[in-house]
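Colleague: Let's see this in three dimensions:
(one chain, ligands or ions: 1)
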Amino acid sequence: MTLAPSSADLQQPVVRVQGLRILFPSLDGSDTVKAVDGVDFEIRPAETFGIIGESGSGKSTIGRALVGLLDATEGVVELDGRTLNSVPRRERRTARQAYQIVFQDPHAALNPRMTLMESLTEPLRIRGGVSEDEMRRKAQDSMERVGLRAEMLGRYPHELSGGQKQRANIARLLPLNPRLIVCDEVVAALDVSIRGEVLNLFADLQRDFGIAYAFIAHDIAVVAQVSDRIAVTYLGRFMEVGPAEAVTERPLHPYTTALLSAEPRPLPAHLREARRIDLKGEIPSPVDPPSGCRFRTRCPWAQARCAAEVPEWRELRPDHYVACHFATPHGIEAPPAAGEHD
Ligand SMILES: Nc1ncnc2c1ncn2[C@@H]1O[C@H](COP(=O)(O)OP(=O)(O)OP(=O)(O)O)[C@@H](O)[C@H]1O
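Modeller: As a prediction, the model looks like this:
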C-alpha cells in the first residue's frame, strides 16, 4: 500500500502542516528550546517550497519533521492527506519511503562499504517483493536518469566526486517513486561549478516525475532560482510566505528585506536606498524568544505594539502572506527610527 493519491484528489497537497511545534530540552536539561513554534503551510504536488532563514531558525527541524525523522511536539503533519501515525504499523515503513530527505554531505548518506549497486538496491530489498533482476534493472535506470553511467554501479563512494555522490544519492531514491524530497542544503558542500548541474537535475526529475521538494538553504539566490514559493523563517516561526519572485523582489517583511540586504548580489531597485536593512546582532535564543513579533529586537521599525501583540498572519497579495503589524501590499509603512526595543 502506498499513500499515492487517486486522480480524484490530485490537487490535494502533498504536505499539509498545521500548528507544528517542536520543542527540545536544552543541553543542561533545565530549559526548553522552541525550535519550531507554530507553523502552518502546504506543499503542493510538483512544487518546490523554499525555506530560508538564518542558522538556528528551525529550517532543518521542520525538514526532519516532514519525513517523520522527528515527531511533532504539537500540531499535525499530513502527507497526501494522512499522518504517518495513522498508517497501520506494518505498512508504515513502505508508506514512509515516498517521503525522503537528502542532506548536505552526500558522502555521509552512502555506506562507504557498499558498492553503488548495493546502495541503490537496498531500499527495495528492505521493502521486499521485488526480484533481484528487477532491482538491478531499476538501479541501472536510476543511474542513467541522474546522468551517471550504469558501469559505475560497481564502484564505492570514495571513488566518486562530490557531484557524482550527490547524483548517486538521488538515484537511490528514484526506485521508491518519491512524492516529496526534503533537500537540506543539498548543494552547499558542492563546488560552485557543479551546483548548477545538480540543481538542474532536481528540476528535471520534478518535471518528469512530479516530485515535490522542500528546499532548505542559506543561499537565497539558490533558493530563489529553484523555488515556486519561499517561506522566510525566524526563531521557529514563518515571517513571510509567498511566490519566490515576489518574496525576493518585493518582500513584505522587514526580516526578508534584511536577509536580501545581506546578499552580495544586487538588490532589487526599490531596496537599494531607503528600504535597506542591515541585520545587527545575533539571533536571540529560541529558549526565550522575544514577546510579540520575534524579529522586533532587531527591526528598525519596531513599535511598542510589536512587543505587545503577535502579528496576525495576513494575505496582502495573492498567495503572499506576512506576519508584521506594519506591512502593506507596497512594503512597510511604519515611521523609521521609531525603534522601541523593550
Ligand atoms: N536535538 C536537538 N536538541 C536541542 N536543540 C536542538 C536540537 N536540534 C535542533 N536544536 C536547536 O533548535 C534550533 C533550530 O535548529 P535547526 O537546526 O532546525 O535550525 P536551522 O535553521 O536548520 O539552522 P542551520 O541552518 O544552522 O542548520 C537551534 O537553536 C538548535 O540549536
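Colleague: Just the CA trace of the biggest helix by length in the chain, in PDB.
Modeller: The longest helix of the chain (DSSP state H) is helix 192-209. As requested, the backbone C-alpha atoms of helix 192-209 are provided in PDB (Å, rounded to 0.1, in the frame of the first residue of the first chain):
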ATOM      1  CA  VAL A 192      30.200  26.100  -7.200                       C
ATOM      2  CA  SER A 193      30.900  25.000 -10.800                       C
ATOM      3  CA  ILE A 194      28.700  21.900 -10.400                       C
ATOM      4  CA  ARG A 195      26.000  23.300  -8.300                       C
ATOM      5  CA  GLY A 196      24.000  24.400 -11.400                       C
ATOM      6  CA  GLU A 197      24.100  20.900 -12.800                       C
ATOM      7  CA  VAL A 198      22.800  19.300  -9.700                       C
ATOM      8  CA  LEU A 199      20.100  21.900  -9.400                       C
ATOM      9  CA  ASN A 200      19.100  21.200 -13.000                       C
ATOM     10  CA  LEU A 201      18.900  17.500 -12.200                       C
ATOM     11  CA  PHE A 202      16.500  18.200  -9.400                       C
ATOM     12  CA  ALA A 203      14.400  20.300 -11.800                       C
ATOM     13  CA  ASP A 204      14.400  17.600 -14.500                       C
ATOM     14  CA  LEU A 205      13.300  14.900 -12.000                       C
ATOM     15  CA  GLN A 206      10.500  17.200 -10.800                       C
ATOM     16  CA  ARG A 207       9.300  17.800 -14.300                       C
ATOM     17  CA  ASP A 208       9.400  14.100 -15.300                       C
ATOM     18  CA  PHE A 209       8.100  12.500 -12.000                       C
END
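Colleague: same question for it, mean pLDDT?
Modeller: For helix 192-209, the mean pLDDT works out to 93.
Colleague: ditto for stretch 222-233
Modeller: Mean pLDDT, stretch 222-233: 96.
Colleague: The ligand contacts on the stretch 51-200 of the chain?
Modeller: Gly53, Ser55, Gly56, Ser57, Gly58, Lys59, Ser60, Thr61 (C-beta under 6 Å from any ligand atom). C-betas here are computed from N, CA, C, even on glycine.
Colleague: So which of these are in helices?
Modeller: Those of those lying in helices (DSSP H): Lys59, Ser60, Thr61.
Colleague: can you pick the most crowded of those?
Modeller: Lys59 (24 neighbours; other C-beta atoms under 10 Å).
Colleague: From Val222, how far off is it?
Modeller: 13 Å (C-beta to C-beta, to the nearest Å).
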